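K.L.:
build me a structure from this.
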Amino acid sequence: MKAILLAAGQGTRLRPLTDDRPKCMVEVDGTPLLDWQLYALRTAGIDDVTVVRGWSRSAISGDGLRFVDNQRFAETNMVQSLRCAADHLHGDVIIAYTDLLYRPDVIQRARQSTADVGVVVDLDWRSLWERRMDDPLSDAETLRTDGSGRLTEIGHRPTSYDQIEAQYLGILRLSPAGCEIVRAALDRAAEDDACGRPAFGSERTLDRAYLTDLIDGLIAEDYVVKTIPIRGGWTEVDSHEDLRVAEAIVREEEWTRPRATMEKVG
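P.N.:
Numbering: from 1, shown residues only. From the prediction side, this is the model:
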């Protein structure tokens, strides 16, 4: 299994920490986010890692990593970053955002899934959101299933907690067949974009599309997208308050510091 890490964004809400580095290089308790992620991936047995760089790309380096660059990072979003790594969308693949902090067992859970297209979701999301912000509903996204783990909706703005069964972490697991499905969806989106149509049946252009738009588009086309449920063991770092919460979590829960990974990455 391999991993594709989407790390092209600056993370403007974390300024001035991201004035000279991408969000994934911001330190949590003295260790860059990327090092925490590489530790989790490698502990779970994934050593083949491609990083999609953009903003301040020279700040991301390291032995054992493969790099591709999104030259249009300032005007594009996650889907276009993924398209930059389309040549690596083969075999068994984990795709992940890089503003995340997660333990190795989260990745191991994703590895164990037999779904062609699987999304890791947190059933206990609300306690984390309440710790990160005053109004969890204002930042959450809809996520519903058919009751058997098949995803029926994701990524929309909710009006009540009843529309949220869990929250998507930003980690997608694809089988070889799943990679073919996603590559085909990306190709169709590019054709739609050339004709002036939004991507994946959403309201967004291809340049502005999120991975949740891609996933929701697959659902609309009746592809089977399965949830991979977890309960905690992760957090998101999108703001200075998130950074404070993340540092508190790794200390309170005594997360293993990725020293060996730090030595490998430099």
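K.L.:
can you pull the contacts of Gly11?
P.N.:
Residues near Gly11 by CB atoms under 8 Å, 6 or more residues apart in numbering: 17-18, 22-23, 26, 99, 238. To be clear about C-beta, it is placed using only N, CA and C from the backbone, and glycine gets the same treatment.
K.L.:
farthest pair within these?
P.N.:
Pro22 and Asp238 (13.3 Å; CB to CB).
K.L.:
between the two ends of stretch 215-224, how far is it?
P.N.:
10 Å (CA to CA, to the nearest Å).
K.L.:
which residues are contacting that stretch?
P.N.:
By CB under 8 Å, 6+ apart, stretch 215-224 touches 115-117, 119, 150-156, 168, 172, 181-182, 185, 189, 199-202, 225.
K.L.:
put the buried members of those residues into a PyMOL selection.
P.N.:
Written as a PyMOL command, the selection of buried residues from the contacts of stretch 215-224, which uses 16 or more other CB atoms under 10 Å, is:
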select buried, resi 115+116+117+119+151+153+154+155+168+172+181+182+185+189+199+200+202+225
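K.L.:
from the contacts of stretch 215-224, which ones fall inside helices?
P.N.:
181-182, 185, 189 (DSSP state H).
K.L.:
and the strands in the stretch 51-200 of the chain?
P.N.:
65-69, 93-97, 100-102, 117-122, 143-145, 151-154, 167-174 (DSSP state E, counting those that start in this stretch).
K.L.:
and these: which comes nearest Arg132?
P.N.:
Of all the strands of the stretch 51-200 of the chain, strand 167-174 comes closest under CB to CB, at 11.3 Å.
K.L.:
and that closest one, which strands flank it?
P.N.:
strand 93-97 (antiparallel), strand 117-122 (antiparallel) (DSSP bridges).
K.L.:
same list (the ones you listed) but as CSV, adding mean pLDDT and distance to Cys195.
P.N.:
Compiled in CSV, the strands paired with strand 167-174 are given as follows (pLDDT from 0 to 100; distance: least, CB to CB, whole Å):
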stretch, mean pLDDT, distance to Cys195
strand 93-97, 97, 26
strand 117-122, 98, 25
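K.L.:
turn these into TSV, columns for distance to Leu5.
P.N.:
Shown next, in TSV, are the strands paired with strand 167-174 (distance: least, CB to CB, whole Å):
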stretch	distance to Leu5
strand 93-97	6
strand 117-122	14
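K.L.:
and these: which comes nearest Thr212?
P.N.:
Nearest of the strands paired with strand 167-174 (CB to CB): strand 117-122, 9.0 Å.
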